[in-house]
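Novice: Compute the structure for the input listed below.
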Amino acid sequence: MKRANLRIFLMLGLFAILAMGSVHAQTRKEMTANIPFSFNVGDKSFPAGEYNVTRLNPESDKAVIAIKSEDGRLSRIVLTMPVQATRTQESARLVFNHYGDDYYLAQVWTPADDTGLQLLQSKSEQKIARRQAERKPEQKSIALNIRRK
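Specialist: Residues are numbered from 1 along each chain as shown. Modelled structure (predicted):
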């Protein structure tokens with residue numbers, strides 16, 4: 001009898017854990033962007049095109065984002081740090097650092113929030129930034145469309 005009760009208890013616990021995960025997955029925001037230029041995320045290059053951007057751990061202050069091409073062939077998962085804005089953002093957007101012909105994803109912003117996600121500079125971006133130390137990179141913003149999953 002004790003074994004049967006233990007099994008029932010374990011099954012109910014497992015069901016509760018799966019149900020909570022399902023609720024979190026349903027409220028996760030997936031954002032899409034049509035990026036008209038080739039760009040880099042970390043040291044990985046991506047061609048121009050349609051991309052999905054998803055924050056994988058919204059409850060954590062150490063945010064991880066996934067960037068994946070619409071066809072699923074290219075993807076990258078990166079750790080980000082919070083960055084504070086001077087005012088609340090009105091729209092979702094990606095911000096790229098632009099050095100000559102090179103674009104590097106630098107920030108991800110969501111609407112109605114004054115905290116964004118800052119990507120760490122890759123070694124290749126640091127190298128370019130050092131070469132152009134006398135001037136700051138231009139920044140280019142691309143709109144993100146949000147859809148709830």
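
Novice: Every contact and neighbour count from this point should use C-alpha atoms.
Specialist: OK.

Novice: Hmm, residue 102 is touching residue 37, no?
Specialist: No. Between residue 102 and residue 37 there is no contact under C-alpha atoms under 8 Å: 9.2 Å.

Novice: now the strands for this structure?
Specialist: Secondary structure of the chain, counting by DSSP state E: strands at 29-35, 39-41, 44-46, 49-55, 64-69, 75-84, 93-99, 102-109, 115-119, 138-143, 145-148.

Novice: re the thing from before, and residue 102 and residue 37? which has more neighbours close in?
Specialist: Comparing residue 102 with residue 37 by other C-alpha atoms under 10 Å, the one with more neighbours is residue 102, at 15 against 12.

Novice: tell me the contacts of that one?
Specialist: 38-40 (C-alpha atoms under 8 Å, 6 or more residues apart in numbering).

Novice: Next: residue 142.
Specialist: Residue 142 touches 33-35, 93-95, counting by C-alpha under 8 Å, 6+ apart.

Novice: try 10 Å this time
Specialist: 33-36, 92-96, 108 (C-alpha atoms under 10 Å, 6 or more residues apart in numbering).

Novice: what's the answer for residue 40, then?
Specialist: Contacts of residue 40 (C-alpha under 10 Å, 6+ apart): 46-47, 96-97, 102-106, 122, 124-125.

Novice: So what's the predicted local confidence for it?
Specialist: pLDDT, residue 40: 97.

Novice: now for the strands of the chain, which one comes closest to residue 129?
Specialist: Closest approach to residue 129 among these is made by strand 93-99 (7.9 Å; C-alpha to C-alpha).

Novice: Adjacent strands (with direction) for the closest one?
Specialist: strand 102-109 (antiparallel), strand 138-143 (antiparallel) (DSSP bridges).

Novice: any idea how far the spatially most central residue of the chain lies from residue 130?
Specialist: The residue lying closest to the centre of the chain (C-alpha atoms, centre = their mean) is residue 65, at 2.9 Å. Residue 65 sits 26 Å away from residue 130, going by C-alpha to C-alpha, to the nearest Å.

Novice: Point to the helix or strand of this structure where mean pLDDT is at its lowest.
Specialist: Using mean pLDDT, DSSP states H and E, helix 2-27 stands out as the lowest-scoring helix or strand of the chain, at a mean of 49.
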